[in-house]
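> the following comprises the amino acid sequence and a computationally predicted model.
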Amino acid sequence: KGFGSGSSREEAPRALKGAGVKVVIAKSYAYIYGRNQPNMALLGVTVDDEEFYTLAQEGVEVTVNVKDRKVICDGKEFKFELSEMEEKLIAAGGVTEMYKKYGINLFRVAISSSESGQSSCASEATLEDKSCGSGTKELVW
């Protein structure tokens with residue numbers, strides 16, 4: 001529980017990646033560490049089922065199927081959650097690599113269904129409040 005507690009910087013997931021770790025499976029993660037994992041392109045999977053930890057002994061094959069969001073250990077499947085944004089960050093090599101490719105649009109791309117990021121943000125708002133009138137006003141960012 002609380003994997004990564006006390007590691008409030010990027011060094012912890014960076015060190016694990018440097019050691020060749022592809023995925024970390026834990027019951028839970030410390031908040032800041034958990035946010036840093038996808039940013040550093042390290043997959044963090046949460047499995048809280050005790051049976052997984054009983055089965056996952058040295059020498060036992062553990063397979064992580066990101067597409068189907070499941071971990072397979074000794075023939076038993078354990079589901080996990082992973083947002084599309086986290087999956088895109090990890091697949092792209094982390095937030096720095098996504099920034100190199102998409103610049104300031106990286107988060108729009110990460111949350112959109114297309115690589116252009118066009119569908120993720122509105123460009124105008126419609127005012128419907130009767131007391132203020134109605135009309136269209138461009139959003140200013």
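Ah, there it is.

> per the record, what domains does the chain have?
Domain ranges of the chain: 1-82, 94-141, per automatic domain parsing.

> start to end distance for the first one?
Which is domain 1-82. Domain 1-82 has an end-to-end distance of 18 Å (CA to CA, to the nearest Å).

> centre-most residue in this structure?
residue 86 (2.0 Å; CA atoms, centre = their mean).

> what about this protein, any weak spots by pLDDT?
Low-confidence segments of the chain (pLDDT under 70): 7-8, 114-141.

> quick one: the strands in it?
Using DSSP state E, the strands of the chain run over residues 23-26, 43-46, 62-65, 70-73, 76-79, 124-127, 135-138.

> what is the first one packed up against?
Meaning strand 23-26. Under the contact criterion of 3 or more CB pairs under 8 Å, 6 or more residues apart in numbering; DSSP states H and E, strand 23-26 touches strand 43-46, strand 62-65. Heads up, the C-betas are built off the backbone N, CA and C, glycines and all.

> just the third one next, same as before
The elements that strand 62-65 packs onto, with contact taken as 3+ CB pairs under 8 Å, 6+ apart, are strand 23-26, strand 70-73.

> save those strands as JSON lines, and put in distance to residue 109 too.
Shown next, in JSON lines, are the helices and strands packed on strand 62-65 (distance: least, CB to CB, whole Å):
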{"stretch": "strand 23-26", "distance to residue 109": "23"}
{"stretch": "strand 70-73", "distance to residue 109": "26"}
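
> many thanks, have a good one.
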